[in-house]
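J.: Let me see the structure of the following:
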Amino acid sequence: MQTLTVKVRIFPEHPDVLRQLGKEYIRVVNQLSEQAEQLGVFPKVTTKDVESRLPSAVCNQAIRDARSVYRKTKKGGTRPILKKPIYFINNQNYSISESTVAFPIVVDSKTKKTTFLATPTNRDMELLSKAKLGLMRIVEKSGKWYAQISLEVPTTESNGECMMGIDLGLKVPAVAVTSTGKTRFYGNGRQNKYIRRKYQQRRRKLGKLKKLSAIRKLGNKEQRWMKDQNHKISRQIVHTAIQQGVSLIKLERLENIRKTARNSRKNAKNLHSWTFYQLQQFISYKARLVGIRVVEVNPAYTSQSCPACGGKNKARDRRFECSCGFNAHRDRVGAINIMRQPVADGNSLPA
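T.: Residues are numbered from 1 along each chain as shown. Below you'll find the model as predicted:
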């Protein structure tokens, strides 16, 4: 099973009602967890014991969340105080169609299951149709409302023997090589650097003007752009893997990528801001959805070892040349060696 979250845009006619319910939800959770902390035990309570303006089903979920908060606090640490309005509904109390999402809210002191216009994508509906539905969370982000639905999607294991190795980098975001001989380069490193510099210059100008709110919004916009790029690259990689009949994808273990990556001073800021881990996670969960296993390998010397003779050589610019006569793009060499590497520490480590 693969756990995913689907985000569906909804359009409430009266958003203030949802805001008030979100505030009431966290008030109940904070109040119950605080009481439990003072008592030293979480009390046995039902919706009848809790004064709230929430539907009973939602209030029950708030009690569960408060109990979970208390358990984590009991293990050690300071009790977290929720501040951001949020509204959880369990899977028995909401429904989704191609154009609507329905869940209970309180209107004029009465609980009513209310239908909201929504815009789920075809992919969302496909996942929802075959998944086990979990909690749904209603949140507001930048004035827009979303229903975030937790899913457990069944996966099937591919039985083929074809492998793929993937090398991640700055100038070429990803290079994939399969054991069938297919090589493909993904993404545009120059474009990524240009976008980064553009946002950096804008932030510098806004910083001089002390427009902190505008800087935060710009940062969020840049993150959304980067996330979109990683989604596109990961989709293309998994699509290639399906076409080539790949059953196993090998990714480099990223623990020390900022120390070991080929890098120059002018690329230092890009290296530390590029979301390698996010791209790897996107590749992993998309691959598992279609039954392709993903593991991590030790990337040591994968960019310096000759795939033909095993000799160690350092690439010059973008070309790798060996005394044995083998030559290729250095990122392709890295991907080939990653594909041939044994799994990290001799064990099958899921990425």
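J.: What is the burial count for Trp225?
T.: Number of residues near Trp225 (other C-beta atoms under 10 Å) recorded here: 14. Heads up, the C-betas are built off the backbone N, CA and C, glycines and all.
J.: next one: the one 10 residues further on
T.: Neighbour count of Arg235, defined by other C-beta under 10 Å: 14.
J.: now swap in Val139 and tell me
T.: Neighbours of Val139 (other C-beta under 10 Å): 16.
J.: Which elements pack onto the strand or helix carrying it?
T.: For Val139, the host element (DSSP states H and E) is strand 132-141. Strand 132-141 sits against helix 15-39, strand 87-89, strand 100-107, strand 144-153, with contacts defined as 3 or more C-beta pairs under 8 Å, 6 or more residues apart in numbering; DSSP states H and E.
J.: and the gap between the spatially closest residue to Gly311 that is not a sequence neighbour and Ser179?
T.: Counting by C-beta to C-beta, 6 or more residues apart in numbering, Gly311 lies nearest to Cys322, which is 5.8 Å off, once chain neighbours are set aside. As judged by C-beta to C-beta, to the nearest Å, Cys322 and Ser179 stand 21 Å apart.
J.: and Ala57, what is it in contact with?
T.: With contact taken as C-beta atoms under 8 Å, 6 or more residues apart in numbering, Ala57 is in contact with 89-90, 92-93, 104.
J.: And the pLDDT for it?
T.: Per-residue confidence at Ala57 stands at 93 (pLDDT).
J.: Give me the distance between it and Tyr301.
T.: As judged by C-beta to C-beta, Ala57 and Tyr301 stand 57 Å apart.
J.: before we move on, what about Arg202?
T.: On the measure of C-beta to C-beta, Arg202 and Tyr301 end up 40 Å apart.
J.: Repeat that for Arg330.
T.: Computed as C-beta to C-beta, the Arg330 to Tyr301 distance reads 13 Å.
J.: ok, these two, which is more surrounded?
T.: For Arg330 versus Tyr301, neighbours defined as other C-beta under 10 Å are more numerous around Arg330 (25 against 13).
J.: That one is in contact with Phe320, isn't it?
T.: Yes: counting by C-beta atoms under 8 Å, Phe320 is a contact partner of Arg330 at 4.4 Å.
J.: list residues touching both of those two?
T.: With C-beta under 8 Å, 6+ apart, Arg330 and Phe320 have common neighbours Ser303.
J.: mind showing which ranges of the stretch 201-350 of the chain have poor pLDDT?
T.: Residues of the stretch 201-350 of the chain meeting the criterion pLDDT under 70: 219, 255-274, 344-350.
J.: 50 instead, please
T.: Within the stretch 201-350 of the chain, the ranges that satisfy pLDDT under 50 run 260, 262-273, 346-349.
J.: Could you give the secondary structure assignment for Gly310?
T.: coil (DSSP: H, G, I helix; E, B strand; the rest coil).
J.: And it, how far from Thr302?
T.: 12 Å.
J.: And the contacts of stretch 133-140?
T.: With C-beta under 8 Å, 6+ apart, stretch 133-140 has contacts from 10, 15, 18-19, 22, 61, 84-91, 94, 101, 103, 145-152.
J.: hmm, try it at 7 Å
T.: 18-19, 22, 86-91, 94, 103, 145-152 (C-beta atoms under 7 Å, 6 or more residues apart in numbering).
J.: So which other helices or strands are in contact with the longest helix along the chain?
T.: Across the chain, the longest stretch assigned as helix under DSSP state H is helix 212-243. Contacts defined by 3 or more C-beta pairs under 7 Å, 6 or more residues apart in numbering; DSSP states H and E place helix 212-243 against strand 174-178, strand 183-186, helix 189-208, helix 276-289.
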